[in-house]
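K.L.:
Pasting the sequence and the predicted coordinates here, then a few questions.
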Amino acid sequence: MDEVNETTELADQQIESLRDNVDKIDDSILQLLAERRRLSSEIAGEKQRTHRPFRDESRENSLLTKRIEAARQHDLDPGFVVRIWEQIISDSVSLQHERLQGLINGGASTAIVALQGIEGSYSQLAAEQFFRDKPVDISLLACTKFSDTVDAVEHGRADVAILPVENTTSGGIAEVYDLLLHSRLAVIGEVKYRVRHCLLGTADSSLDTIKSVYGHPQAVTQCSEFLGDLQDVEVIFFGDTAMSGRRIKAMGDPAVAAIASEEAARRFGLQVLKRDIGNRKENFTRFLVVARDPISVDERIPSKTSLVLAVGNAPGALMEVLAEFSTEGIPLVKLESRPTVDNPWEEMFYLDFDGNVADERVQRALDGVKRKAKFVRVLGCYPSQDLRPQRRNLDVAPDASRIQVKSRSKEPEAALKPSGYKIASRVHKGDNTVIEVGDVKLGGDDLVVIAGPCAVESFEQVMTAAAAVKAAGATILRGGCFKPRTSPYSFQGLGYEGLEMLVEAGRAHGMPIVTEVPAPEEVEKMSQTADILQIGARNMQNFTLLSEVGRSARPVMLKRGMSASLDELLQAAEYILDAGNQQVFLCERGIRTFETSTRNTLDVAAVPVLQSRTHLPVIVDPSHAAGDRKLVTPLALAGQAAGAHGIMVEVHPNPAEALSDGPQALDLDDFANLMELMVGSR
Ligand code: PEP
Ligand code: MN
């Protein structure tokens, strides 16, 4: 017995000492990050002094390429390393922007920030985020109403106010839009704050003892699914999230909980009963920072401008005004409408665009708008927080984005009357539909390659496959999470757990993902994270499912049923289009014939025939047609030669161990070879 105790003690000591070393490493990482930041800020100063551009994409790319090589030498996963450095680079870019902006407008070194709510509120956290890299010390002026914050700035009791304008889950905050219109303040900045709601309780409460929950109405809406699952719990609407926390602390009742941030738990000495209780994982609130005077934004920094306008009710009035922006090539990033308070029959439009008011193109567009609109007010121009991820072509062998197709039929088939479908036909729309997902354009001149495992089996498996297919030139990652299989005894997929892995792998390697949605009731939930929804061959005529994906805003890949004619495929597509979703592409994946040498028979002719009947993009899946990896390469090349807009191939890091469709999966080298052949046969 003693011996056992001794060994356990020894093992404990061993672990303790290893942990000490890990702590030391973490400390050094932090010190180095701080040092890196300091250097980056110095570089910003130099760039400012010598009027150099701020973002140096080629330097960012070469930095990442070096990190990828080093990662390989250290046996670290390059995807993991790239993810970390993407964060470091984006932090450094925003630091440099802040520093530059601080130098231009920075007179004062202190600022009083008016906000609605008390300490620990999301507004305060957002204010701290906004000022984090600015050479300004802030103090807070807590107000009870949004209008009080505006009033405080207008009358000089505060320098700026921070106001939430919209949330990704619960939408725009009407009251704040109306305030912006009626105040004379200028927007000088925006903050996108990631909201992580927690359920907080007193020290001795637990999830089972809770009988009532205090929460701000917006927070309650954003956590409705979690709250709905709690049994016999009463929800009490309260001022704001932090106030809810303070209230339950004062009550000291273990049966009462509040929805607030983890930060609020720390400030009020409460316990976090459950983290991340929001309906959506990605829940952001956008705040605007307003001041008495507008700022000017350095033209090297990406900036945004907000304005409000009224155009009247004449047909086409709004379109004519918006055309002023497209003529000048200025991207609109937001358009929101609100009824005019004094005239409920007329709408006010709130509009954000990427651009600087000092830019000539913007001035020309604004002049044009003023000529056409009934009312225009620029609310402000400010540095944009949308640091859009750069498109990086790292470690890419052949550049698949430039694989072209040899021939493609575009002519409407005049003689053929579309039967049973209308919106899908070329008669309805002569030009090809081009579907944009992230940076990928499907339906244009370039061949898009979708690749990945038949099914997501583990995080390692999908990450390895993603890294390899990306490196070989694929631009969309596939992977089944729900696998509707012919036999109930076959592997059925990892479900939502698999979807999370696929999303993570896609993000890490900068690829949108496509995955099969098995049933109408999963469409809404899967649409939250899947970039493209796949309808499998076995579901091609599941009309409820088709109508349901037709209501989603995600592009849909519709696979041809194994015994479906091309007109039946187009009629199935029509169900989706008819329900609203116009982003549909078709996939030829082989059909049942009398031939048994292959799993299915690839109908190569389907490609030109479909292209003559429909404007929708057509891709070819050689894997499910072949059923045998030896045939996948020639069939993929046949698809390319026939003019397909894309090819979808199953790729597995270790096909012999695959849980589904192993015999038809290419291994990583086979896939890289296929990509070379496709580039070569351009
Ligand atoms: C798939 O692509 O994952 C799949 C199951 O294919 P199909 O529906 O064409 O059999
Ligand atoms: Mn498969």
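P.N.:
Looks like it arrived, so ask away. Numbers count the residues shown, from 1 in each chain. Ligands and ions are numbered 1, 2, ... in the order given.

K.L.:
Residue of the chain closest to ligand 1, please.
P.N.:
residue 536 (3.2 Å; CB to the nearest ligand atom). The C-beta positions use only the backbone N, C-alpha and C, and glycine is treated the same way.

K.L.:
and that residue, what does it touch?
P.N.:
484, 516, 518, 559 (CB atoms under 8 Å, 6 or more residues apart in numbering).

K.L.:
Of these, which is the nearest to residue 314?
P.N.:
Nearest to residue 314 out of those is residue 559 (CB to CB; 45.9 Å).

K.L.:
tell me the contacts of that closest one?
P.N.:
Per CB under 8 Å, 6+ apart, neighbours of residue 559: 534, 535, 536, 537, 540, 587, 589, 621.

K.L.:
Give me every residue in the protein lying close to ligand 2.
P.N.:
454, 661 (CB under 5 Å from the ion).

K.L.:
circling back to that earlier point, so what's the residue of the chain closest to ligand 1 closest to, chain neighbours aside?
P.N.:
residue 516 (4.9 Å; CB to CB, 6 or more residues apart in numbering).

K.L.:
shouldn't that neighbour be in contact with residue 485?
P.N.:
No. Using CB atoms under 8 Å, residue 516 makes no contact with residue 485, being 11.1 Å away.

K.L.:
between the two, who's got more neighbours?
P.N.:
residue 516 (25 against 16; other CB atoms under 10 Å).

K.L.:
For that one, what are phi and psi?
P.N.:
phi -80, psi 130 (degrees, to the nearest 10).

K.L.:
Beta-bridge partners for it, please?
P.N.:
Here residue 516 shows beta-bridge partners residue 534, assigned using DSSP bridges.

K.L.:
Which pLDDT does the model give it?
P.N.:
As predicted, residue 516 sits at a pLDDT of 98.

K.L.:
residue contacts, it?
P.N.:
480, 481, 482, 483, 484, 533, 534, 535, 536.

K.L.:
Weed out the non-buried ones from these.
P.N.:
480, 481, 482, 483, 484, 533, 534, 535, 536 (16 or more other CB atoms under 10 Å).

K.L.:
quick check, nearest of those to residue 364?
P.N.:
Nearest to residue 364 among these, with distances taken as CB to CB, is residue 533, at 41.0 Å.

K.L.:
okay but that closest one is in contact with residue 554, surely?
P.N.:
Yes. Applying CB under 8 Å, one finds residue 533 in contact with residue 554, separated by 5.1 Å.

K.L.:
Quick check: neighbours shared by these two?
P.N.:
Joint contacts of residue 533 and residue 554 (CB under 8 Å, 6+ apart) are residue 527.

K.L.:
residue ranges with poor pLDDT in the stretch 151-300 of the chain?
P.N.:
Across the stretch 151-300 of the chain, nothing is flagged by pLDDT under 70.

K.L.:
And the helices in it?
P.N.:
If DSSP state H, counting those that start in this stretch is used as the criterion, the helices of the stretch 151-300 of the chain fall at 174-182, 217-222, 224-229, 241-251, 262-268.

K.L.:
Pull out the buried residues from the second one.
P.N.:
The one in question is helix 217-222. 218, 219, 220, 222.

K.L.:
That one - contacts with which helices or strands?
P.N.:
strand 234-237, strand 256-260 (3 or more CB pairs under 8 Å, 6 or more residues apart in numbering; DSSP states H and E).

K.L.:
Need the phi and psi values for the residue lying closest to residue 623 once chain neighbours are set aside.
P.N.:
For residue 623, ignoring the flanking residues on the chain, the nearest one in space by CB to CB, 6+ apart is residue 650 at 4.1 Å. With angles defined as degrees, to the nearest 10, residue 650 sits at phi -90, psi 130.

K.L.:
Show me what residue 650 bridges to in the sheet.
P.N.:
Those that pair with residue 650 in a beta bridge, by DSSP bridges, are residue 452.

K.L.:
Tell me who's in contact with it.
P.N.:
With the criterion set at CB under 8 Å, 6+ apart, residue 650 makes contact with 451, 452, 453, 454, 478, 623, 624, 632, 661, 664, 665, 666.

K.L.:
got a pLDDT number for it?
P.N.:
So, for residue 650, pLDDT stands at 98.

K.L.:
Residue 348 now?
P.N.:
The model's pLDDT for residue 348 equals 87.

K.L.:
On the three-state scheme, it is what?
P.N.:
Following DSSP: H, G, I helix; E, B strand; the rest coil, residue 348 is assigned to strand.

K.L.:
again with residue 336
P.N.:
Reduced to three states by three-state DSSP, residue 336 is strand.

K.L.:
Counting by contacts, list what the one helix or strand in the chain whose mean pLDDT sits lowest packs against.
P.N.:
The helix or strand of the chain with the poorest confidence is helix 78-105; it has a mean of 76 (mean pLDDT, DSSP states H and E). Where contact means 3+ CB pairs under 8 Å, 6+ apart, helix 78-105 is packed against helix 2-50, helix 57-73, strand 375-383, helix 459-472, helix 495-508.

K.L.:
quick one: contacts for whatever residue of the stretch 351-500 of the chain ends up closest to ligand 2?
P.N.:
Nearest to ligand 2, among the residues of the stretch 351-500 of the chain, is residue 454, at 3.3 Å (CB to the ion). Applying CB under 8 Å, 6+ apart to residue 454 gives the contacts 479, 480, 483, 623, 650, 652, 658, 660, 661, 664, 665.

K.L.:
try it again with 6 Å
P.N.:
By CB atoms under 6 Å, 6 or more residues apart in numbering, the contact list for residue 454 reads 480, 650, 660, 661.

K.L.:
And residue 186, by the same measure?
P.N.:
294, 380.

K.L.:
So what does the residue lying closest to residue 449 once chain neighbours are set aside have for phi and psi?
P.N.:
Nearest non-adjacent residue to residue 449, counting by CB to CB, 6+ apart: residue 474, 4.4 Å away. Residue 474 adopts backbone torsions of phi -70, psi 150, taken as degrees, to the nearest 10.

K.L.:
and residue 474, how many residues sit next to it?
P.N.:
Per other CB under 10 Å, the neighbour tally for residue 474 reads 27.

K.L.:
Report the separation between it and residue 279.
P.N.:
32 Å (CB to CB, to the nearest Å).

K.L.:
Which of the three states applies to the spatially most central residue of the chain?
P.N.:
Among the residues of the chain, the one closest to the centroid is residue 529, at 7.8 Å (CA atoms, centre = their mean). Secondary structure assignment for residue 529 (three-state DSSP): coil.

K.L.:
Assess the claim that it and residue 503 are in contact.
P.N.:
Yes. With contact defined as CB atoms under 6 Å, residue 529 reaches residue 503; the gap is 4.8 Å.

K.L.:
still on that earlier bit, leaving out the residues flanking it, which one is nearest to the residue of the stretch 351-500 of the chain closest to ligand 2?
P.N.:
Here the residue nearest residue 454, using CB to CB, 6+ apart, is residue 661, at 3.9 Å.

K.L.:
for residue 206, same thing?
P.N.:
residue 273 (6.7 Å).

K.L.:
neighbours of that neighbour, just the number please.
P.N.:
The number of residues packed near residue 273 is 20, by other CB under 10 Å.

K.L.:
ditto for residue 624
P.N.:
Residue 624 has 23 nearby residues by other CB under 10 Å.

K.L.:
So it is in contact with residue 589, correct?
P.N.:
Yes. Between residue 624 and residue 589 there is a contact under CB under 6 Å: 4.4 Å.

K.L.:
okay, and the common contacts of the two?
P.N.:
Joint contacts of residue 624 and residue 589 (CB under 6 Å, 6+ apart) do not exist.
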